[in-house]
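K.L.:
Here you go, sequence then predicted model.
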Amino acid sequence: MEFETVIGLETHVQLSTKSKIFCSSSTEFGADPNEFTDPVTLGLPGALPVLNRSVVEYAMMLGLAMNCEIRSFNRFARKHYFYPDLPKGYQISQFEEPICERGHIAIQINDATRTIGITRIHMEEDAGKNIHDSRTGSSLIDLNRAGVGLLEIVSEPDLRSPAEAAAYLRTLRQIVRFLDVSDGNMEEGSLRCDANISLRPVGEVKFGTRTEIKNINSFKFVERALEYEIARQMSLLKSGKTVVQETLLFDSATGVTKPMRSKEESADYRYFPDPDLPPLVIEESWIREVTSRMPKLPEERVKELVEGYGLTAYDAHVLTAERSFVDFFEEVFKICQNAKLACAWVTSELFGMLNKAGLDLKKSPISAQNLGELLKLIDSETISGKMGKSVFEEMFASGRPAQEIVAEKGLKQITNDDEIRRIVEDVFNKNASQLQGYLAGNERLHMFFVGQVMKATSGSANPKKVNEVIAAELKKRKDGA
């Protein structure tokens, strides 16, 4: 019997607001343990939550970007469970009336586009962090993260392979980073994924028994965890056994999933509306205001790069991998006015040098303005491409502008025809036997003369002009002979 894989993802996005969702404590990453706590975070009696407006607007932005309906009336609920990093004994979340519903996004997989449904997006608070010390056998709790604003994005069970799941997560991360609602850093826990997976016979409509893999924190581990779980469930079903509905953890060291606990259902959490928070009413005027502040999304930027700038689809997707990439490219283009040249230097030369130095674009020693000025010099043939690379390396090392380096090193390219012709004549006179060889039919010597002229000018002559002048002068001599 052949089986079909059915995957749905629940993704938690930690928001980049300055303060937590229901109090004013900082959300800064990397502080000392329990530095950012307060009565609301600690769940002290009488402490009341106050909703952070920015969290609501970030939720609306993401919902609009993922083609969701924004509910005009939504409310918060209490999700009850006991865990040491949850001081109140419940998490403030949303249940029956979330802020966003019924959306979809497009993902690219193997040069094909697939549409993945979005069931809901809801707001909630994060829990703290348990730190287990194996040396002492004790557990410590850091509540800095407790109360940080989260958006949970629940996909429809439309994903059919681990590769599709990874592509979906990359697309989601790209969107939240374009919107600047989260840094999407999986290593720091800003983007975490729970994967629900089941198998069913091909052609069957009813879902199989599902398991849930909790808190996967990298694209690579998502694929590895799902591949292992598919193989595990497949083996069970083909041997006539049943899959047990349970929550699993993925051990990245061994590459296997391990049981964590039995799978909960919503009834286990005893949801009810939070009495400390009134219902949230979102008017159309607020949605219009938020929409007007949203940046262009990746799909729109790709279309602009292809249709407006004449770039290939491949280059457009490379540049839109990050909003900072495409913004930087456009700043370079404003200076040099050559889209293909700007794209080549940004994606190949600059990205290559940054990668080698272990830097991201924000820390680039070469600004978009300075790179644009360098490319302008190359495009106008003031300097050659070879000179440009030498200048670029100096710019990267020093941060100095191109014009300053070109002037200091005397790198200006010789483009005057008469000046190049005088140098060509001198080369002919010094290499009379090679000139006679060319006139006798050895046309390969043309490149010998080009090399000699470039050597005589220390590479400062325009290679295109050199080729043209040499061709004209050789033709004159051939015709005269």
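P.N.:
Happy to help now that I have it.
K.L.:
Quick check: which ranges of this protein have low pLDDT?
P.N.:
Applying pLDDT under 70 to the chain flags residues 262-264, 481.
K.L.:
most residues in a single helix of it, which one?
P.N.:
In the chain, with assignment by DSSP state H, the single longest helix is helix 219-238.
K.L.:
which residues in the stretch 201-350 of the chain form helices?
P.N.:
Assigned by DSSP state H, counting those that start in this stretch, the helices in the stretch 201-350 of the chain fall at 219-238, 284-292, 298-307, 313-319, 323-336, 339-344.
K.L.:
who wins for proximity to S24 among these?
P.N.:
helix 284-292 (22.4 Å; C-beta to C-beta). In this view, the C-beta of every residue, glycine as well, is placed from N, C-alpha and C.
K.L.:
For that closest one, which outside residues touch it?
P.N.:
E57, M60, M61, L64, I70, S72 (C-beta atoms under 8 Å, 6 or more residues apart in numbering).
K.L.:
Can you report how many residues lie near the third one?
P.N.:
In this case it means M61. Neighbours of M61 under the rule other C-beta atoms under 10 Å: 22.
K.L.:
my read: it touches M294, true?
P.N.:
Yes - assessed by C-beta atoms under 8 Å, M61 is found in contact with M294 at 5.6 Å.
K.L.:
Identify the spatial nearest neighbour of E187, chain neighbours not counted.
P.N.:
Leaving aside its sequence neighbours, E187 sits nearest to N217 (C-beta to C-beta, 6 or more residues apart in numbering; 6.9 Å).
K.L.:
hang on, isn't the one you found packed against E188?
P.N.:
No - using C-beta under 8 Å as the test, N217 is too far from E188 to be in contact (9.1 Å).
K.L.:
more neighbours, the two?
P.N.:
With other C-beta under 10 Å as the criterion, N217 and E188 differ in neighbour count, and N217 comes out ahead with 18 against 12.
K.L.:
can you pull the contacts of the more buried one?
P.N.:
Listed by C-beta under 8 Å, 6+ apart, the contact partners of N217 are M186, E187, G189, R192, C193.
K.L.:
Redo the helices of the stretch 201-350 of the chain as a markdown table? Include mean neighbour count and distance to H132.
P.N.:
Putting these into a markdown table (neighbours: other C-beta atoms under 10 Å; distance: least, C-beta to C-beta, whole Å) gives the following:
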| stretch | mean neighbour count | distance to H132 |
| --- | --- | --- |
| helix 219-238 | 18 | 20 |
| helix 284-292 | 12 | 41 |
| helix 298-307 | 17 | 39 |
| helix 313-319 | 18 | 41 |
| helix 323-336 | 19 | 37 |
| helix 339-344 | 19 | 48 |
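K.L.:
Could I get those helices in TSV, plus columns for distance to R210?
P.N.:
Formatted as TSV, these follow (distance: least, C-beta to C-beta, whole Å):
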stretch	distance to R210
helix 219-238	9
helix 284-292	34
helix 298-307	31
helix 313-319	33
helix 323-336	35
helix 339-344	44
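K.L.:
circling back: hmm, which of the contacts of N217 are the buried ones?
P.N.:
With burial judged by 16 or more other C-beta atoms under 10 Å, the buried subset of these is M186, G189, R192, C193.
K.L.:
In space, what's closest to the third one - neighbours in sequence excluded?
P.N.:
In space, and not counting its chain neighbours, R192 is closest to H12: 4.6 Å by C-beta to C-beta, 6+ apart.
K.L.:
Next: E331.
P.N.:
Once flanking residues are discounted, E331 sits nearest to A368: 3.5 Å by C-beta to C-beta, 6+ apart.
K.L.:
I'd like to know how far that neighbour sits from E212.
P.N.:
Separation of A368 from E212 (C-beta to C-beta, to the nearest Å): 45 Å.
K.L.:
and if you look at K476?
P.N.:
Applying C-beta to C-beta, the value for K476 to E212 is 81 Å.
K.L.:
same question, A112
P.N.:
Distance, A112 to E212, by C-beta to C-beta: 28 Å.
K.L.:
Give me the more crowded residue out of those two.
P.N.:
Set A112 next to E212 and count neighbours by other C-beta under 10 Å: E212 wins out with 19 against 7.
K.L.:
for that one, what are its contacts?
P.N.:
Contacts of E212 (C-beta under 8 Å, 6+ apart): D194, A195, N196, I197, E246, T247, L248, K263.
K.L.:
Just list whatever residues bridge to the fifth one.
P.N.:
It refers to E246. Beta-bridge pairing for E246 (DSSP bridges): S262.
K.L.:
Let's verify V154: helix, strand, or coil?
P.N.:
Three-state assignment for V154 (DSSP: H, G, I helix; E, B strand; the rest coil): strand.
K.L.:
hang on, it packs against G8?
P.N.:
Yes - in terms of C-beta under 8 Å, V154 counts as a neighbour of G8; the distance is 7.3 Å.
K.L.:
For those two, indicate the residue with more neighbours.
P.N.:
A direct count of neighbours by other C-beta under 10 Å for V154 and G8 places G8 higher, at 22 against 18.
K.L.:
which parts of the helix or strand in which that one is found are buried?
P.N.:
Element membership of G8, judged by DSSP states H and E, is strand 3-14. The neighbour-count check on strand 3-14 (16+ other C-beta under 10 Å) flags F3, T5, V6, I7, G8, L9, E10, T11, H12, V13, Q14 as buried.
K.L.:
Turn those into CSV, including distance to G46.
P.N.:
Formatted as CSV, these follow (distance: C-beta to C-beta, whole Å):
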residue, distance to G46
F3, 54
T5, 50
V6, 47
I7, 44
G8, 40
L9, 38
E10, 33
T11, 34
H12, 29
V13, 31
Q14, 28
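K.L.:
Just the closest of the residues you listed to V346, please.
P.N.:
Using C-beta to C-beta, V13 comes nearest to V346 of the buried residues of strand 3-14, at 28.1 Å.
K.L.:
can you map out the helices along the stretch 1-150 of the chain?
P.N.:
Under DSSP H, counting those that start in this stretch, the stretch 1-150 of the chain gives helices at 39-42, 53-65.
K.L.:
So which of those helices is nearest G103?
P.N.:
helix 53-65 (6.6 Å).
K.L.:
how much does that closest one deviate in direction from helix 298-307?
P.N.:
Helix 53-65 and helix 298-307 are oriented at 50 degrees to each other (axes from the mean of the first three to the mean of the last three C-alpha atoms, to 10 degrees).
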